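Novice: Could you look at this predicted model? Sequence included:
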Amino acid sequence: MKLAAALVALLLVASAAHAQEIRPVVDRLAASWSRADAGALAELVSRDGVSVEIGEEKTGPLNARQVAAVLRQQIFDRTESMKAETSMARVVGGTPERGFGELAWTEKPRGTTVPRQSTVFLGLVLEDGAWKITEIRLMR
């Protein structure tokens, strides 16, 4: 019984450690998103690629170069990014371990003066000890 309790406690501690590790990654992704830095975002693409969903359009899985191109053409070239902040970062478990992040993004469509709020959802997977992006969803 004590062994089982110790194993459960160990698993909870390990899960909490991963939860602490994911927040800095999502914060870094938020900073890259704020700068409209598609290249920096593409550096964290999962080896299995990323699915990208913008409104009703969904593509993927895409490799790093394709992700950077889609982000530039479909999002960053059309908007002025004002700021993106991490609103949530969580580990959800599984094998391989998965997590997600949500960014609160303030942007302006190019040529306008009215900012709008959007949510960016980032699906993540733990690959070789590092969090990698598997999904990007832009919800306006």
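Specialist: Sure thing, it's come through. Small disclaimer: the values here were computed from a predicted structure and weren't measured.
Novice: Now do the contacts for the residue nearest the centre of the chain.
Specialist: Closest to where the C-alpha atoms of the chain average out (Cα atoms, centre = their mean) is residue 122, at 2.8 Å. Residues in contact with residue 122 (Cβ atoms under 8 Å, 6 or more residues apart in numbering) are 26, 29, 100, 101, 102, 103, 133, 135, 136, 137. Yep, even glycine has a C-beta here, placed from its N, CA and C like the rest.
Novice: What about these, which are in helices?
Specialist: Mapping the contacts of residue 122 onto helices (DSSP state H) picks out 26, 29.
Novice: From the contacts of residue 122, which land in strands?
Specialist: Under the assignment DSSP state E, those contribute 100, 101, 102, 103, 133, 135, 136, 137 to strands.
Novice: centre of the chain versus stretch 128-140, how much separation?
Specialist: 4 Å (Cα atoms, centre = their mean, to the nearest Å).
Novice: And the buried ones among the ones in strands among the contacts of residue 122, selectable in ChimeraX?
Specialist: Remark: buried members of the ones in strands among the contacts of residue 122, expressed as a ChimeraX selection using 16 or more other Cβ atoms under 10 Å:
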select :100,101,102,103,133,135,136,137
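Novice: Would you verify that residue 33 is located in a strand?
Specialist: No. Assessed by DSSP: H, G, I helix; E, B strand; the rest coil, residue 33 does not belong to a strand; its assignment is helix.
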